[in-house]
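Undergrad: Quick one: sequence plus predicted model below, questions after.
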Amino acid sequence: MSEPIIKIENLHKWFPVRRTITQILKGEYVWVKAVDDITFNINQGEIFGLVGESGCGKTTTGKLLMKLLEPTDGKIIFKGKDVTHLEANKLKEYRRNVQMVFQDPYASMNPRFRAQEVLEEPLIIHQVGETRAEREKIVRRSLEEVRLIPPEEFMQRFPHMLSGGQRQRVATARTLVLSPSMIVADEPVSMIDLSTRAEILHMMKTVQRELGLTYLYITHDLSTARYFTDRIAVMYLGKIVEMGGADEIIDNALHPYTKALIAAVCEPIPGRSNIIKEVPIKGEIPSAANIPPGCRFHPRCLYAKPRCQEEEPILKEVESGHQVACHYLFD
Amino acid sequence: MYWKYCIRRIIYGLAIFIMLIFIFSALFNATMENTLRSQIEEEIRAETMRLDTRMTPEEVTRYIAERREFKQRLYHLDKPIWSRIFWRAVNVLSLDFGKATIMRSSSGEADVWTIIAECLPRTVLLFTTAIFINIVLGLWLGLKKAQKAGGLMDKTTSIGTMIVYGMPSWWLGMLVIMFFAYTIKIFPSGGLHSVPPPTGFAYYIDLLYHMALPVLTLVLIGFWGSAFLIRNIMLGILQEDYIMATRTRGIPERKVLYGHAMRTAAPPIVTMALLSLLASVGGNIIFEGIFSWPGLGNLYWIAIEQNDIPVLMGNLFITTALYIGGLVILDLIYGFLDPRIKVGGKQQ
Amino acid sequence: MKWIDFKAGIQDFWNEFKRVKFGLFGLILLFIFILAILINPYIVPFPEASSRWRDITYWEDNPVSAPPVWVNWFSSTKRAPSLIIEEHAFSEEKMGKIKLSRAVFEYEYSYDLPPLDVIFHGYAIGSPVIMLSIERPDGHIIELVRRPISKSDGKEVRVSIGKDSRIESYNFGAKFENLEGNRIEREMVKPTSVLFSEAKEGILVHPSPLKGTYKLIAEIILPAENDVVEDIYFTFSGGVSGWLGTDSSKRDIWSGVVAGVKWALLIGLLTALTAVSIGVTYGVVSAYLGGWKDSLMQRIFELFLSVPLLPVLIVMSAIFKPNIWIMILMMSCFFWVGPVKTVRSMGLQIKEETYIEAAQAFGASSSRIIFKHMIPLLIPYAFASMALYVPSAIVYESSISLLGLGDSTIVTWGQILHDALTGGAVLNGLWWWVVPPGLFIALMGMTFAFIGFAMDKILHPKLRTR
Amino acid sequence: MVDTDNVLKVENLKINFFTRKGIVYAVDDISFTLKKGETLGLVGESGCGKTTTVLGLMKMVPTPGEIIGGRILIGGKDIIPLSENEMRKKVRWEKISMVFQGAMNCLTPVYTIEKQMMETIQEHKNIDRLQAKKCIINYLNLVGLPEDTIRRYPHELSGGMKQRIVIATALFLEPKIVICDEPTTALDVVVQAQIINLIKRLKKKLGLSVIFITHDLATEAEVADRLLVMYAGKLVEIGTNEQIYGKQGLRHPYTEKLLKASPRLHEKVEELSFIPGTPPNLVDPPSGCRFHPRCSEAMERCKKDEPPLIEVEPEHRIACWRNHYE
C-alpha cells in the first residue's frame, strides 16, 4: 500500500476536430482537450477513484491507461517501466497486467458467446493454458473467485441467460483469468439495479483484498466512491481539480466544484422534500472543444475572481495527501 | 451553412464524374481507338477518290501517308497511351464525343452530342413523370400501410411488393403492349407521337397519349416498392418517443401523422424513394426500346444493333452524368429538409 | 462458433422464420425450382434443350409458332397436338435376296384441325427404299411418298409427308373437288389437311375433318442382305405443341424455360454470394479501421456507387462480349456496393459495443475482432440481402440478354425473350412466347423476395407489427 | 361526492400486455390517491410497472397493452369510459401532463421549439399567435431558459436544456397534475440537482400535484412527500417520506433492503447489504407474495397467499404478512 504501481505524468489526450476550410488555410487546429495535463499515482493494492461529470475526461483517462488510446503527450510508468508507447508484443504483455471492467456488463460480452467462451477468449489470445482442460480449470477458478458457485452451472450460459449481477461477475471473472495486477473499472455498477449494485461492489472489494489487486474506479457517483475507494481524484474538463483520501475529500471538500458535486448528491434521508437545496454552481458544463481560459471552472464558480479568468491554478497540497487546484483557497 | 454544404456536394459530384470519365476512357480506350482509326481510313479513302487523276501512284501513297499522319495527330493518336486516354477524357468532358459511324440525328448530323441531345429530354420527360406519380402513389399507400401496420391491407400490398420485386419492367411493357395496343387497341404500341405529329395543343395531347402506356408500366412496377419503403420508414418513426410525447400533448392524430411523423420522415423518404427510383432509371433504361420511346435507352438498342461505338460511349457518359446529377440533387434536398445539416451540427 | 451452437442458432432462426407465412411459401417455391432442375429430363420433352438450343436439327420435327396444348381446353376448334408414335405392327417378307418389311402405325384422329406435318423417322444402312401410304377410316388408301435411300453405312432418315406428298394429296383431293369453280394451285395444298378431311366436295377449299383411326403404313424394301431400317417412328407436328407451345424456330418453349431455371439460379446465387461477401467484408473492415483508411474506402465505394449499373454493364457486354462467367464477375464487381452502406453503419455500431473494446483491451488482433466478433453478427443480414440481390442479378442478366448481348452457348429467359422480340412475338400476339420466360423471371424474383423480406422482417424487430 | 382533497384517485387499476409469450400482468390491482399540492413518489426496480401505471393514467398504454379494469378519477370523474377524442381534447395536457423518461427523444427533431410549443397551445386554447408566443416565452423564462431558445432546433440544445423545455411544455396549459417519469436519470449529477430544484420550485409556485417516478430511492427522498413502492406490478408499500426514510419504523422488507443497499455520502459504511436473486418474470409471477423468493423473512404463508395492503399507522400501508397480526 505504499509503492506506486502506476505513475501518470502530465498526461494529455487531445482529439483533433474536423476543421473548416478557412481553418485549414489559416493553419489553425481545433482540439477537444479530453484529458489535459493530469498527474497522479496509484499505489499497489489501492482503490483509486476518478470522479466527475460526463465529458470530464475520466473515461478517456481509463482508456489511456488501458492503452486503448494513444496519449498525445505525457508519460505512463507502470511498475517502473515506461509504457507510454509500446510495440505490439510489449503491449500484449502489458495488457495481461492491466485489465478493464466496463460499464454495461451485457454490452461488454459478445451475446453469441457462452460464459465459458467469454472467459476463455483472453486465454486464447494470450496463449495461456496449453490444452482445453487447462484453460477450463483457469475459467473455473476465476468463476469461483467471483462467487459464481458452482461454476459448471454458469459456464454454459449465454449472457442473456444471466442476471445483471451475474453478468458483471462474469465480466469481472474475465479480467481475473490472466491474473492481472491492476483493474480499471469504468462505472461498473451504474447500469445495475440498485438491489444488486451493493452486491457487485462487495464482491469486487473482496476479490481485491484476496488477490491484492489495484483498482482504478471511474464513476460519477460520489456515494459509491466513498464506500468503495481509498483515494479520490475529482476531474473537471480534462483536469484534476482536487485529489485526496476518500473520506477527506467528501467530509472536507475544498474546491468549489467538488463542493457542488457533493451538494448535488441525493441521499435517502427523510424530511428533505420541502427544502430546496441550493447547488453552489452556475450553468452547465461547456464543451471540451471550447475550454474557458484561466481556471476552467470560473464561468460556473460562485467565488470566481478576476485572477481566475487569466491564470490557470495548479494542484497544491493543503494537507498531507490532499491537493486542490484553486486560487480562491490560497488567496 | 447550407450553401456551403451545397457547394461542397456539387464539387464532390463533379470530381466523381471526372474520375469515372477517366476510368471509362481507359477501360474502353482500345475499342474507341479502333473505331476512330477506321473512321480516319474511311475519310482518307474518300479524299483519295476526289484526288487529281494525274497524280502518280507514289504521289498518292505519299499523300495518304501525310493525311493519315495529320489526322492521327489531330486526334492525338500519335501520343503515348496515357496521353491518349487523357485527351479522350478531356474531349468527353467538353462534350465532344466524336462522330457516329452509322447513326444520324433527325437533322442528319453525325455528331454524337447532337444525337444524344435530341434524346435526352425525352428520357427525362418519361422518367420524371413516372417518378412523380410513383412517389405520390407510394406516399399515399405507404402512409395507409404504416398507419394500420399488420392489417389486411398492409399485408396484401406487401405481398404485392414482393410479387413485383423481381419483375423486369420491360417484360411487363411487352405484356401491356400486347394487351392494350394489339388486343384491345386503345393505346399506340410505341413511339413519341403520331406520324405526322399534330400541331399546336393537340401535339401535347398526342404526346400524353403516347406516354400513357410506358408511364403506366413504370408506375405499376415502381410504386409498390416505394410504398413499402415509405411504410418502413414511417413505422420506424411512429415508434419514436417524441411521437408518443406529441400524442400525450393532445395533438390530434392527423397532425401527429402528417405533421410530426411525415416531416421527420421526409429526408429519409425523399432519399430512399428517389434513390430507388434513380436506380430504377438506371435499371429500366432499356425499357424504352420496348416502347420505341426515342430516348437514351432506345439509343442503346440502336447503337448496339448498328454497332455504333461512339454513340454507345457518348450515351454512357451522359447517362452517368445524369445519374450522378440525380445523386447530387438528392443530397441537396436531404440537406434542405434535415435541420441538422441545414442549421449546422451540435451547438459548440 | 461450435457446431452445436451453430445448430442452435439455425434452429432459433428457423423457429422465427416458420412464423412468417410468405417466407415459407418462398421456400416452397425455391424447392420446386430446385426440383425442376433435378428432374429436368422427366418433365420436359426435349431434355437437351440447354445444350442444343441453337441447333435447328434438334427442333425440326416441331411446328412453327404453335400455341400450347391446353389452348384446346378453352377453344371450340380442337387442334391436333404434337405426338410421337413408335408403336407399330411389323411384318416381314422375303423375296429372294430382297426383304420387304411393312410397319403399320395407328393414329387416332379426333380433332378439328389436322397436324401441320407428319414425319417418318428411321435409321438406315445400305440402300433401302421407303414407301409411305395412309389408310383412312373411310377406306381410301393413298400412296404418299416413295423415297429411295442412297447407299450409306447408317444415317438418319427423315421423310416429311407435309413436304414430300403435295402432288399425291392434290391428286387425291382433286378427285372429289369441284375444280371448275375453285382454281387451286397445287403448291398451295397442305397435304395433312387433305389427308385428314372428309372425301367430299370442298376437301381442298373448306375441308371438314374426318375423325377416326388412320393407319400410316411404311413399306420398306431392303435390297441387300445387310440392309436395315430400324428405330422407325412417326412424329406429328401439331397445331398445338407442348405445355408452352413453340417459337418461330420450332423450339419447345417449355423445355427452354425449364432449362433456364438452372442458369437463372446460378447467375442469381453466384452473383449475390460473391457480391454480398465482398460487400460485407468491405463494410466491416472500413468501419473497423476508421480514420483515413475508412475515408479512402468510402471514397472508392462512392465512386462505384455513382456508376449507373445497367448502362455500364450493357456497354461492357457490347464491347467485350463476355461469356456467362465473366458476366457474373462483372455484375459482382458492381453489386458489392449494395450492402456496404448498411453494413458499415452496423459495423460502426458494433464497433462501439463494449465487447469489442473489451476484446481490444485483452489484446485481440484486428482480424480476430473482425472475423470472430463482428462478421458473425452480420451473417443474418448478409443472408437476407443475398436473397434480395438474387432477383436483381437475374433481371440484369435478362436485360443484357434482351439486347442480344448474352452468352450464346447457354439458354436464359432473357435470351428467349430477345428471340421473341426479334421474332415479332409481341406484334403477332404470340403470347405463349412472351409470357412464360418473363413470368419465370418474375416468379424467381418473387421467390427470393419472399425469403428475403421474411428474413428482413425477423431481423428488424422495429418493423414487427406484433 | 367530489373529493376536494384528492385530485386523482386510482382504484384497482389493472393493465395487461397481451404478448406472444403470454399475458404480462404489468400492473396488477393498484389503488392510490394523489392529494392536491403534494408530490407522490413512485419507486421500484426497472420493469416493475411504474411507467405503465402512469401511461395508464393518461390512457396511453402502448399496444399490446390494455387497461382491463379499475377506475381513474380525475377531479371525481372517471376517465376510463371517455373516448379517445374526449381524452385528447379535455384531459391530456389540460388536466394531466407528463415529462417523459429521456427528454432527449421527446422533441420532434425537425421542428423548432416554438413550433412544437405553439402547436400544443393552439390545439387547446383559442388564442392568437402573439399571445401564445408571449405565453411560451413566459414559461421558458420560468424554467430558466433565455428567450431565443424558441428559435432553436432540439439538436442545438444540451440535455439539461431539453429537459427544461419538456418541463415548460408540460406546464403551460396549467394542468393540475404533472407526471415526471424518471426526468433526471439520463442527466449528470449537477444538472440532476438543478432539475429537481426546478420541479420543486414550480410545484410550489403553481400549486401542482406531481407524480415523480424513479428507480432511485435517494432521489425520491429529495422530492416526494409520499411514496408508493412497487414490486413486480404490485404496490407493496405506501407511506410518507418520514415513514419510509425515517430512522426507526416499520417497513416492507423490500423497501428495507433497498434502503440498506443504497450507499450514503456522509456515512461511511463497511458493508452494504443487497437483495439476492432477480425480479420475477411477470408472465408467470410467483404465487402468494411476489417478493417471497427474494425475501429473507419469508414465511410459509407468503408462498401461498397474497398479502393485502394493511394500514400499520396513519397514512402508512404495507403489504406484508409479517405485519398482519401485529
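TA: The structure has been received and is ready for your questions.
Undergrad: got the contact list for whatever residue of the stretch 51-200 of chain B ends up closest to chain A?
TA: As assessed by C-beta to the nearest C-beta, chain A sits closest to residue B:93 within the stretch 51-200 of chain B, at 24.9 Å. For every residue, glycine as well, the C-beta is placed using N, CA and C. Residues near residue B:93 by C-beta atoms under 8 Å, 6 or more residues apart in numbering or on different chains: B:18, B:21.
Undergrad: For residue B:35, see how far away it is.
TA: Per C-beta to C-beta, to the nearest Å, residue B:93 is found 19 Å from residue B:35.
Undergrad: Show me what counts as buried in the helix or strand of chain C with the lowest mean pLDDT.
TA: Within chain C, no helix or strand scores below helix C:3-19, which has a mean of 73 by mean pLDDT, DSSP states H and E. Neighbour-count burial for helix C:3-19, counted by 16 or more other C-beta atoms under 10 Å in any protein chain shown, picks out residue C:17.
Undergrad: same thing with stretch C:274-291?
TA: C:274-289.
Undergrad: How about stretch A:47-64?
TA: Using 16+ other C-beta under 10 Å as the test for burial, stretch A:47-64 gives A:47-53, A:55-64.
Undergrad: With just CA atoms, put that stretch into PDB.
TA: What follows is stretch A:47-64, C-alpha atoms only, in PDB (Å, rounded to 0.1, in the frame of the first residue of the first chain):
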ATOM      1  CA  ILE A  47      -8.600   1.600  -4.900                       C
ATOM      2  CA  PHE A  48      -8.300   4.900  -6.600                       C
ATOM      3  CA  GLY A  49     -11.500   6.700  -7.600                       C
ATOM      4  CA  LEU A  50     -11.800   9.100 -10.500                       C
ATOM      5  CA  VAL A  51     -14.900  11.200 -10.200                       C
ATOM      6  CA  GLY A  52     -16.600  13.700 -12.400                       C
ATOM      7  CA  GLU A  53     -19.500  14.500 -14.700                       C
ATOM      8  CA  SER A  54     -19.800  13.000 -18.100                       C
ATOM      9  CA  GLY A  55     -17.400  14.600 -20.600                       C
ATOM     10  CA  CYS A  56     -14.900  15.500 -17.900                       C
ATOM     11  CA  GLY A  57     -12.300  13.100 -19.400                       C
ATOM     12  CA  LYS A  58     -12.500  10.300 -16.700                       C
ATOM     13  CA  THR A  59     -13.300   7.600 -19.200                       C
ATOM     14  CA  THR A  60     -10.600   8.800 -21.600                       C
ATOM     15  CA  THR A  61      -8.100   8.600 -18.800                       C
ATOM     16  CA  GLY A  62      -9.200   5.000 -18.200                       C
ATOM     17  CA  LYS A  63      -8.800   4.200 -21.800                       C
ATOM     18  CA  LEU A  64      -5.400   5.800 -21.900                       C
END
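Undergrad: Can that stretch be said to contact chain B?
TA: No - applying C-beta under 8 Å from any C-beta of the partner chain, one finds stretch A:47-64 separated from chain B by no less than 12.3 Å.
Undergrad: now do stretch D:77-91
TA: Yes - on the criterion C-beta under 8 Å from any C-beta, stretch D:77-91 is in touch with chain B at D:88, D:89.
Undergrad: What is the end-to-end distance of that stretch?
TA: From its first residue to its last, stretch D:77-91 covers 11 Å (C-alpha to C-alpha, to the nearest Å).
Undergrad: and it, how far out from the chain's middle?
TA: 20 Å (C-alpha atoms, centre = their mean, to the nearest Å).
Undergrad: in that stretch, what counts as buried?
TA: In stretch D:77-91, counting by 16+ other C-beta under 10 Å, buried: D:79, D:82, D:87, D:88, D:89, D:90, D:91.
Undergrad: circling back: which ones among the buried residues of stretch A:47-64 are found in strands?
TA: Residues of those located in strands (DSSP state E): A:47, A:48, A:49, A:50, A:51.
Undergrad: List, one by one, the residues from the stretch 201-350 of chain C near chain D.
TA: So the stretch 201-350 of chain C never meets chain D (C-beta under 8 Å from any C-beta).
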